[in-house]
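Colleague: next come a sequence and a model predicted from it.
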Amino acid sequence: MNVLPQNERPLDGLLVVDFSQFLSGPLCGLKLADLGARVIKVERPGAGDLCRNLYLSPTDIDGDNSLFHAINRNKESITADLRNPDDRAALVELLKSADVMIQNFRPGVIERQGFGYEDVAAINPRIVYGSISGYGEEGPWKDLPGQDLLAQARSGLLWLTGNADHAPMPMGLAVADMLAGGALAQGILAALVGRGIHGRGAHVQTSLLEAMIDFQFEVLSTHLNDGQRLPQRSAVNGAHAYLGAPYGVYETQDGFLALAMTPSLKTLADLLGVAGLEPYYDNPTAMMEQRDAIKTTLANQLKTRPTQDWLSVLQPADIWCAEVLDWKQLRASEAYKLLDLEQTITRNGTVNLAALRAPIRINGSTLKSGRAAPELGQDTESVLAPFLPRAPKQ
């Protein structure tokens with residue numbers, strides 16, 4: 001696929017000053033950068049963003065871990081000591097020309113440094129200021145660590161996944177961070193559109209908890225309007241607490257098969273050649289009330305043949321199903337290859353890093369970018385020199 005040139009990207013010319021660390025705020029900055037914004041990452045001298053040393057695996061790429069590279073590509077980095085008057089003055093001047101500022105410190109921290117929303121809006125009333133907290137800016141949880149697993153645990157999400165006899169099960173991803181970063185990017189983009197209409201800046205706020213609650217809005221809406229009864233997870237092949245049989249993932253002779261929707265239980269049973277489900281055919285509530293019994297019967301039959309055999313029978317009959325792929329199998333598929341999702345970016349002209357592109361396309365072109373995550377402070381002099389009598393110390 002073609003790559004959209006920088007000057008055709010919708011946020012080209014937009015300046016974002018990003019004070020955030022770890023995942024949620026930097027993910028928001030990454031989304032804006034891929035759309036064309038110039039994102040300047042503000043880091044502490046010496047240490048930088050703590051994410052630089054948050055290793056998911058032993059993989060070290062040019063002095064930083066793979067996670068930092070993934071979430072901070074396509075950005076610039078400056079270092080600034082917020083206790084240094086010259087550095088503070090330079091940041092104030094930089095923010096005067098900025099369109100967006102991002103921060104994800106605990107409530108009160110950035111305010112004590114003099115860069116809270118009220119302070120920044122006073123020097124730049126048109127700025128769109130984005131904040132991510134763990135649990136909001138008020139209340140008994142506001143000072144608790146805003147960490148992904150902890151937010152998942154408090155959100156109720158862990159009780160939706162797995163079988164009925166399983167312990168609470170977190171997702172295998174930093175889903176709270178990712179969703180909060182995406183929500184903030186959405187809010188910032190909306191505020192920028194609003195600024196174009198009425199000329200005013202805005203303070204856009206979200207939290208890990210709000211993002212997790214929004215993630216569950218479908219099932220929580222059911223809960224709130226269903227006598228506030230808690231859902232019961234299936235004891236067999238649990239996949240969705242509110243959906244009946246056959247919804248789930250089943251073991252086959254050589255792998256696993258995901259089964260979602262079917263025209264009728266009889267149709268599915270006939271195609272699978274399974275007996276014993278006849279008592280449930282004419283019972284419209286059986287798919288939920290007898291969910292575990294139905295799933296057990298289906299599970300026993302699906303183990304008898306390979307996955308592709310079942311797909312060849314079920315897919316032509318419009319049974320919604322899919323093979324369960326690992327990453328290696330996914331990347332080998334033609335569908336994945338046609339989407340052109342991968343890219344190679346280079347740091348210092350010599351270090352190559354495999355990366356993924358942004359998940360959207362504009363006018364048929366992707367938003368790939370060859371700029372790698374910055375070295376700590378590599379852009380300090382070029383960015384802050386106009387605002388300083390001297391370059392800040394690294």
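Modeller: Sure, I can see it.
Colleague: list the buried residues for stretch 261-277?
Modeller: Thr262, Leu265, Leu268, Ala269, Leu272, Val274, Leu277 (16 or more other C-beta atoms under 10 Å). Yep, even glycine has a C-beta here, placed from its N, CA and C like the rest.
Colleague: for it, give the mean pLDDT please.
Modeller: The pLDDT scores in stretch 261-277 average 95.
Colleague: average model confidence for the lengthiest helix in the chain?
Modeller: Criterion DSSP state H: the longest helix present in the chain is helix 175-198. For helix 175-198, mean pLDDT is 98.
Colleague: same check, this time on stretch 110-117
Modeller: 97.
Colleague: any idea of the pLDDT on Leu54?
Modeller: For Leu54, the model assigns a pLDDT of 81.
Colleague: my guess is it contacts His69, does it?
Modeller: No - contact criterion C-beta atoms under 8 Å: Leu54 and His69 do not qualify, at 11.8 Å.
Colleague: where does the prediction get shaky in this protein?
Modeller: Applying pLDDT under 70 to the chain picks out residues 389-394.
Colleague: same thing but 80
Modeller: In the prediction, the chain carries residues with pLDDT under 80 at positions 55-57, 388-394.
Colleague: so what are the domain limits for it?
Modeller: As given by automatic domain parsing, the domain ranges for the chain are 6-215+341-387, 256-323.
Colleague: can you tell me which of those is most buried?
Modeller: domain 6-215+341-387 (a mean of 18; mean count of other C-beta atoms under 10 Å).
Colleague: endpoints of that one, how far apart?
Modeller: With C-alpha to C-alpha, to the nearest Å as the measure, domain 6-215+341-387 spans 26 Å from end to end.
Colleague: how long is stretch 309-322 end to end?
Modeller: Start-to-end, stretch 309-322 (C-alpha to C-alpha) is 12 Å.
Colleague: swap in stretch 325-339?
Modeller: Chord length of stretch 325-339, first to last residue, is 17 Å (C-alpha to C-alpha).
Colleague: who touches it?
Modeller: By C-beta atoms under 8 Å, 6 or more residues apart in numbering, no residue outside stretch 325-339 reaches it.
Colleague: so Tyr117 makes contact with His203?
Modeller: Yes - at 4.5 Å, Tyr117 counts as touching His203 under the criterion of C-beta under 8 Å.
Colleague: any common contacting residues for these two?
Modeller: Joint contacts of Tyr117 and His203 (C-beta under 8 Å, 6+ apart) are Tyr129, Ser131.
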